[in-house]
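In: Would you be able to build a 3D model of this:
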Amino acid sequence: MLIRLIGLLVAFGLFIFLICQKKVLKWKKAILVIVSFVLVVFMIIQVFFPFIPAKKPTGPYGVITETAFYKYNTDIPGMATNGNEREIPVKVWFPKDAQAKSHPLFLFSPGSFGVAESNETLFLELASRGYVVVSMNHPYHSFSCKMSDGRNINMDGKFIQSVMNSQGSEDLPGTLSSFKEWLKVRIDDINTVLDCISDFQNDYDYERYIDKERTVLSGHSLGGSAVLAVGRERAQEIKALAVLEAPFAADIVGIDKDRYIFTDQPYPLPVLHVYSDALYGKMDEITTYDMNTRLMKSDNPMYVNKHIKGVGHLGLTDMRLVTPVITYLMDGGLDTRPAAETLSELNEYVLDFLNIYNN
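Out: Residues are numbered from 1 along each chain as shown. From the prediction side, this is the model:
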């Protein structure tokens, strides 16, 4: 990264130097200025969007990827992708030479604006160790979704505004209403994909490799809140959850002055919850995370909580590999350690947890 920054400064310096030259012929100067400008643009792209590849997985299996599409009729008109139908594009990572009905399922929902590849480092590691990983795109919630007909569906403007308005808002009823609206879409999407995978038909070849008795749900932020809701609803079908910094938003049952009221029912499944510096040690101050605090204080061993230091909320995803500068800025400067270290630590926590609760 330092080399890229130096390269950008050199390119910019050269651009300014050539603009200031007066002794060079005009046509030569014009060519040199254009070339140096192109170099500046190239280096800007290298600095802001380096697209560092995900770390090579360490498991014994090679990894195959596949794209799949699942559809259902939605009762939310604004979320339909074709008529009354809503299509969910997913990306799949699974082991090479996979055996029928032998591999656990890891189903992932990304955060607001996130895409299916948001935690590919983790997905590759899991697939290399025998998991079938299915990560979802959520049309209108994800940054961009490529549909089965070739169309691209980008983020919905109202959704973006709603998410931004909820950040730090003291309007508890308004925020709760937004949570319910967002979660309804995500829960419907997740349930549809789960239902299609668990039925007796194999819509896609990868489905036949899945051991449907070993299903893990996972998600980041809003996606984490959604899988926590589905896990509570479908506790008989799910083995465990691995959640990246998400509130138990669906467990809110009311409001008492400046605090949310959460259900008294204990969470029925093992949960690994991974936190960043953005929230760890601060959750007592944020009523949205009251249930998280309750589980963190519990002595039940199936509630596992981990803190990754030197990283912010978005730093728990692979976004830092794509655009480290923008991630750093959006995380308020919390991402202070190499992305590879963070992602390796995250992988370790997830693998250790699954070795206990999904065998």
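In: residues contacting residue 211?
Out: Counting by Cβ atoms under 8 Å, 6 or more residues apart in numbering, residue 211 touches 101, 102, 103, 104, 105. In short, each C-beta sits where N, CA and C put it, glycine included.
In: what kind of secondary structure is it in?
Out: strand (DSSP: H, G, I helix; E, B strand; the rest coil).
In: What is the end-to-end distance of stretch 307-324?
Out: End-to-end span of stretch 307-324 (Cα to Cα, to the nearest Å): 21 Å.
In: Now do it: distance to the chain's middle.
Out: What separates the centre of stretch 307-324 from the centre of its chain is 11 Å, taken as Cα atoms, centre = their mean, to the nearest Å.
In: What are the buried residues along it?
Out: Neighbour-count burial for stretch 307-324 flags 308, 311-324 (criterion: 16 or more other Cβ atoms under 10 Å).
In: so how far does stretch 303-319 reach from one end to the other?
Out: First-to-last distance for stretch 303-319 - Cα to Cα - comes to 27 Å.
In: which among the contacts of residue 211 gets closest to residue 297?
Out: Proximity of the contacts of residue 211 to residue 297 was ranked by Cβ to Cβ; the top entry is residue 104 with 29.8 Å.
In: and that closest one, which of the three is it?
Out: Under three-state DSSP, residue 104 comes out as strand.
In: do you know how far the closest residue to it other than its chain neighbours is from residue 247?
Out: For residue 104, ignoring the flanking residues on the chain, the nearest one in space by Cβ to Cβ, 6 or more residues apart in numbering is residue 214 at 3.7 Å. Separation of residue 214 from residue 247 (Cβ to Cβ, to the nearest Å) stands at 27 Å.
In: try residue 299
Out: Here the criterion is Cβ to Cβ. By it, residue 299 lies 22 Å from residue 247.
In: So which of these two has more stuff around it?
Out: Ranked by neighbour count (other Cβ atoms under 10 Å), residue 299 and residue 247 place residue 247 first, with 25 against 5.
In: Go ahead and confirm the more buried one touches residue 292.
Out: Yes: between residue 247 and residue 292 there is a contact under Cβ atoms under 8 Å: 6.3 Å.
In: Now the common contact residues for these two.
Out: Joint contacts of residue 247 and residue 292 (Cβ under 8 Å, 6+ apart) do not exist.
In: Which residue ranges of the stretch 201-350 of the chain form strands?
Out: 210-220, 240-244, 252-256, 259-262, 271-275, 303-307 (DSSP state E, counting those that start in this stretch).
In: Distance from the fifth one to the middle of the chain?
Out: Strand 271-275 has its C-alpha centroid displaced from the chain centroid by 14 Å (Cα atoms, centre = their mean).
In: who's in contact with residue 327?
Out: Taking Cβ under 8 Å, 6+ apart as the criterion, residue 327 is in contact with 312, 314, 315, 319, 320, 335.
In: burial count for the last one?
Out: Looking back up the chat, that one is residue 335. Residue 335 has 26 nearby residues by other Cβ under 10 Å.
In: coming back round to it: let me see the contact set for the residue nearest to residue 104.
Out: If you count contacts by Cβ under 8 Å, 6+ apart, residue 214 has them with 104, 105, 239, 358.
In: ok, 10 Å please
Out: By Cβ atoms under 10 Å, 6 or more residues apart in numbering, residue 214 lies in contact with 102-106, 131-132, 238-240, 354, 358-359.
In: before we move on, what about residue 105?
Out: 94, 131-134, 194, 197-198, 206-207, 209-217, 238-239, 358.
In: Residue 85 too?
Out: 71, 72, 73, 74.
In: Look up phi and psi at it.
Out: phi -90, psi 140 (degrees, to the nearest 10).
In: Return the distance of it relative to residue 57.
Out: Counting by Cβ to Cβ, the gap from residue 85 to residue 57 is 36 Å.
In: same deal with residue 131?
Out: 11 Å.
In: quick one: stretch 282-300 to chain centroid distance?
Out: The answer for stretch 282-300 is 22 Å, by Cα atoms, centre = their mean.
In: And stretch 351-359, by the same measure?
Out: The answer for stretch 351-359 is 21 Å, by Cα atoms, centre = their mean.
In: Closest to residue 253 out of the contacts of residue 214?
Out: Ranked by distance to residue 253 (Cβ to Cβ), these are led by residue 238 at 21.6 Å.
In: Provide a list of residues in contact with the closest one.
Out: Residues in contact with residue 238 (Cβ under 10 Å, 6+ apart) are 105, 107, 194, 214-217, 227, 230-232, 268-270, 358.
In: This completes my enquiry, with thanks.
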